[in-house]
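J.: Got a predicted structure plus its sequence, pasted below:
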Amino acid sequence: SQTIHQWPATLVQPVGSPLSLECTVEGTSNPNLYWYRQAAGRGLQLLFYSVGIGQISSEVPQNLSASRPQDRQFILSSKKLLLSDSGFYLCAWSRRDPYEQYFGPGTRLTVT
Amino acid sequence: AQKITQTQPGMFVQEKEAVTLDCTYDTSDPSYGLFWYKQPSSGEMIFLIYQGSYDQQNATEGRYSLNFQKARKSANLVISASQLGDSAMYFCAMREGSHKLSFGAGTTVTVRA
């Protein structure tokens, strides 16, 4: 069976500090990978998605970037965090078809 | 423009009763998919049910069923025989094209004993 891991589970970082969130998937190969952000009490906003190693598509211009160095690894980064980067970050994976996405446990980021 | 609309911010339901969560969508793409996810207080998003735009029958998964009315562009989720563990936030989402899921604002369901 497939599992998706995210770490850390919670993170408190000062404004201006760097960020690295990691997501890995087990039990499948060549998945589509996604990063979402959820503000408190709101729906999810797609940030990035990837259909293969080194292939990243950005959905919104922002202070964040993503990379996919390995088939089942997806990293969300920032060089300098802003207060507005606070939120709940969720990684997800899907097969090519039928596209339902399966989510990881999430990382709760607080920028102070 | 809002692609997914969930008009019920919160609902209360008695244990063992059924509850219907509303979802309407907007798209001009003839091929799309509709999803429902459950988010308990732990934060994890749990996939519940999927309906493709070309599916002839309404999707069902255990106690979950999707009331798909294509002409009205609605995809309501019905939870039958509610349980205390069903208390959570529920999100409707739509896939257009290959990758992007657009999510609604969600509906909080509270099941009362």
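T.: Done, it's in. Numbers count the residues shown, from 1 in each chain, chains lettered A, B, ... in the order given.

J.: which residues touch residue 40?
T.: Just going to use chain A. A:A40 sits next to A:87-88 when contact means Cβ atoms under 8 Å, 6 or more residues apart in numbering or on different chains. C-betas here are computed from N, CA, C, even on glycine.

J.: wait, chain B
T.: Neighbours of B:P40 in contact, by Cβ under 8 Å, 6+ apart: B:46, B:87-89.

J.: got a pLDDT number for it?
T.: Looking at B:P40, its pLDDT is 95.

J.: ok, it to chain A distance?
T.: Per Cβ to the nearest Cβ, to the nearest Å, B:P40 is found 11 Å from chain A.

J.: quick one: A:P8 and chain B, what's the gap?
T.: Distance, A:P8 to chain B, using Cβ to the nearest Cβ: 13 Å.

J.: Is the residue nearest in space to the middle of chain A bridged to anything, and to what?
T.: Central residue of chain A (Cα atoms, centre = their mean): A:W35, 3.2 Å from the mean position. Note on A:W35: beta-bridge partners by DSSP bridges are A:F48, A:C91.

J.: What's the separation between it and chain B?
T.: Remark: distance between A:W35 and chain B (Cβ to the nearest Cβ) = 12 Å.

J.: Is it correct that that residue is in contact with A:I75?
T.: No. At 9.1 Å, A:W35 and A:I75 do not qualify as touching, with contact defined as Cβ atoms under 8 Å.

J.: and for these two, which residues touch both?
T.: A:23, A:66.

J.: Which strand residues bridge A:L76?
T.: A:L21, A:A66.

J.: no wait, B:V111
T.: Counting by DSSP bridges, B:V111 forms beta bridges with B:V13.

J.: What number of residues are in the vicinity of B:G52?
T.: Here the count is done by other Cβ atoms under 10 Å in any protein chain shown, and B:G52 has 15 residues near it.

J.: Now it: closest residue in space that isn't a chain neighbour?
T.: B:G33 (5.3 Å; Cβ to Cβ, 6 or more residues apart in numbering or on different chains).

J.: Spit out the contact partners of A:L46.
T.: By Cβ under 8 Å, 6+ apart, the contact list for A:L46 reads A:34-36, A:59-60, B:100-102.

J.: so where is the chain shaky, pLDDT-wise?
T.: In the absence of a named chain, this looks at chain A. Applying pLDDT under 70 to chain A picks out residues A:61, A:97-99.

J.: oops, chain B please
T.: For chain B, applying pLDDT under 70 flags the ranges B:1-2, B:98.

J.: ok, which stretches of it are helices?
T.: Using DSSP state H, no helices are found in chain B.

J.: For A:L44, name its beta-bridge partners.
T.: A:Q38.

J.: In contact with it, which residues are there?
T.: Residues counted as contacts of A:L44 (Cβ under 8 Å, 6+ apart) are A:36-38, A:90, B:45, B:91, B:93, B:101, B:103.

J.: If we look just around chain A, which residues of chain B are in range?
T.: B:4, B:33, B:35, B:37, B:42-47, B:50, B:52, B:91, B:93, B:95, B:98-106 (Cβ under 8 Å from any Cβ of the partner chain).
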